[in-house]
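Asks: Predicted coordinates and the sequence they were generated for:
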Amino acid sequence: MTKPALAASSRIPEKAIRQHLDRVLGSPTFQQADRLKRFLTFITLEAIAGRSDQLKEYVIGVQVFSKEESFDPRTDPIVRVQARRLRARLVRYYREEGQNEEIVIELPKGGYAPLIKRRQTNVAPRRSLGAALVSGNTVSVLTFSDHSAHGDLEYFCRGLRQEIVDSLAKIDGLRVLAWDDSAPRSPDAAMVITGAIALAIADEHPGAQVTGVDSSEEALSLARENVERAGLAVELRAGGIEAAAEGWDLVVSNPPYVAPEEIEALEPEVRDWEPRVALVGDGFQQELAGVAQTERLVLEVAPRQAAAVGHELEALGYAAVTITRDLAGKDRVVEGVRT
């Protein structure tokens, strides 16, 4: 039986492969990605040992992700999800800090046996962003807007965009630019995010330090399950708006802002299922803005609050205060930047 990793790495000394693996694992790209480190270490060492043909989804689920013997890959996609994330991290590593590496570890789609090979010596040096944009080999993948009737397909839009980015990234000679215009561009920014927003931003910005804060232990428990399943690097802790005073690059919050008299007018899927404590409230945005120590503050608001919150941010010294409307055309997000 052919063993892809051994066939590719047979001319590379084991010591060199292990040293290369250590550099990859210790790189900024793999910082705070312990599950992906375990995944990459396991499949690489198994390949070196000549057991590439045994790298099956079930084996990885049990050995790497500590699943029980009853683990069923057909109903639990954890290995497939993490394999996709690992492929993306490896691509990022070799494009950035690992661009001068002589050895490359790839994880081809359709399997879990790594391909370990020497990098081609005639590969052109990495061009600057400006030079790349001049050529015709650059594709920018922007975010998809959810224009569905109920505005509830954002998850599908994000997933479709990511699939397109992943597919384009595999084309040699093509540079793919993908960012969310509403998010900060720095991959190293520290962030404090309340609620489920933390998981979304951690997914979009793997290099960011993300902290999620919530006053509900039930919400935190669910978030921890989602973090574990998604393999995201997110710190989760109980707390309130005082966490925003710790000093951050970015603070994003969607605090309660529904007035008690507005409850009955909410959509049934919100009114009947969301806890009241997560919905009803007033003045939280101004209070949070008053204590936040951050360069950029992003707040979700009720349409009736947008102007007042915007003025509050300006009074606190925030510049370039903007109000963004949601898909229904209602003022929904107020953002300010401290200079």
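Replies: Perfect, I can see it now.
Asks: Please count neighbours and contacts with C-alpha atoms only from this point.
Replies: Noted.
Asks: quick check: domain ranges of this protein?
Replies: Using automatic domain parsing, the domains assigned to the chain come out as 4-118, 129-178, 190-337.
Asks: who does the helix or strand where residue 105 lies pair up with?
Replies: Element membership for residue 105 (DSSP states H and E) is strand 103-106. Applying DSSP bridges to the sheet, strand 103-106 is found paired with strand 115-118 (antiparallel).
Asks: coming back round to it: which residues are contacting the strand holding residue 105?
Replies: Residues from elsewhere that reach strand 103-106 (C-alpha atoms under 8 Å, 6 or more residues apart in numbering): 17, 20, 87, 90, 94, 114, 115, 116, 117, 118, 119.
Asks: Name the member of those residues with the most neighbours.
Replies: Across the contacts of strand 103-106, neighbour numbers were computed from other C-alpha atoms under 10 Å; residue 114 holds the maximum, 27 neighbours.
Asks: wait, doesn't it sit right on residue 87?
Replies: No: if you go by C-alpha atoms under 8 Å, residue 114 and residue 87 don't touch, sitting 10.2 Å apart.
Asks: Now the common contact residues for the two.
Replies: By C-alpha under 8 Å, 6+ apart, the residues touching both residue 114 and residue 87 are 106, 107, 108.
Asks: Test my guess that residue 251 contacts residue 296.
Replies: Yes: between residue 251 and residue 296 there is a contact at 6.4 Å, judged by C-alpha under 8 Å.
Asks: Those two: who's more crowded?
Replies: For residue 251 and residue 296, the more surrounded residue by other C-alpha under 10 Å is residue 251, and the numbers stand at 26 against 21.
Asks: pLDDT score assigned to that one?
Replies: Per-residue confidence (pLDDT) for residue 251: 89.
Asks: re the thing from before, could the contacts of strand 103-106 go into TSV alongside distance to residue 306 and pLDDT?
Replies: Output for these, formatted as TSV (distance: C-alpha to C-alpha, whole Å; pLDDT from 0 to 100):
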residue	distance to residue 306	pLDDT
17	56	94
20	52	94
87	41	86
90	42	90
94	44	88
114	51	94
115	53	92
116	54	92
117	55	91
118	56	89
119	54	82
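Asks: Closest to residue 57 out of those?
Replies: Nearest to residue 57 among these is residue 114, at 13.4 Å by C-alpha to C-alpha.
Asks: Need the nearest residue in space to the closest one, chain neighbours excluded.
Replies: Nearest non-adjacent residue to residue 114, counting by C-alpha to C-alpha, 6 or more residues apart in numbering: residue 107, 4.7 Å away.
Asks: which ones are touching that neighbour?
Replies: 83, 86, 87, 113, 114, 115.
Asks: What about those, which are in helices?
Replies: Per DSSP state H, helices hold the following members of those: 83, 86, 87.
Asks: nearest residue to the second one other than its sequence neighbours?
Replies: For residue 86, the nearest residue in space outside its immediate sequence neighbours is residue 36; the separation is 6.0 Å by C-alpha to C-alpha, 6+ apart.
Asks: What separation do you get for residue 206 and residue 154?
Replies: Distance of residue 206 to residue 154, given as C-alpha to C-alpha, to the nearest Å: 20 Å.
Asks: Between these two, which has more neighbouring residues?
Replies: Each of residue 206 and residue 154 has its neighbours counted (other C-alpha under 10 Å); residue 206 has more, 22 against 14.
Asks: Tell me if I am right that that one is in a helix.
Replies: No: assigned with DSSP: H, G, I helix; E, B strand; the rest coil, residue 206 falls outside any helix and is coil.
Asks: Any idea what residue 118 is bridged to?
Replies: Beta-bridge partners, per DSSP bridges, of residue 118: residue 103.
Asks: residue contacts, it?
Replies: 9, 12, 102, 103, 104.
Asks: Out of those residues, who's the most crowded?
Replies: Greatest neighbour count in those, by other C-alpha under 10 Å, goes to residue 104: 23 neighbours.
Asks: So that residue versus residue 37, what's the distance?
Replies: For residue 104, the distance to residue 37 - C-alpha to C-alpha - is 16 Å.
Asks: With residue 224 instead?
Replies: Distance, residue 224 to residue 37, by C-alpha to C-alpha: 20 Å.
Asks: Ok, residue 263 next?
Replies: 46 Å.
Asks: Tell me which of the two has more neighbours.
Replies: Neighbour count, other C-alpha under 10 Å: between residue 263 and residue 37, residue 37 has more, with 19 against 16.
Asks: Using the three-state scheme, assign the more buried one.
Replies: Once three-state DSSP is applied, residue 37 turns out helix.
Asks: my read: it touches residue 30, true?
Replies: Yes: with contact defined as C-alpha under 8 Å, residue 37 reaches residue 30; the gap is 7.0 Å.
Asks: re the thing from before, can you report how many residues lie near the residue nearest to residue 86?
Replies: By other C-alpha under 10 Å, 23 other residues sit near residue 36.
Asks: re earlier: give me the phi and psi for the residue nearest to residue 114.
Replies: Phi and psi for residue 107, reported as degrees, to the nearest 10, are phi -120, psi 90.
Asks: what does residue 252 give?
Replies: Dihedral angles for residue 252 - degrees, to the nearest 10 - are phi -120, psi 130.
Asks: Next: residue 236.
Replies: Backbone dihedrals for residue 236, given as degrees, to the nearest 10, come out at phi -120, psi 130.
Asks: What about the residue lying closest to it once chain neighbours are set aside, how many residues nearby?
Replies: In space, and not counting its chain neighbours, residue 236 is closest to residue 212: 4.7 Å by C-alpha to C-alpha, 6+ apart. If you count neighbours by other C-alpha under 10 Å, residue 212 ends up with 24.
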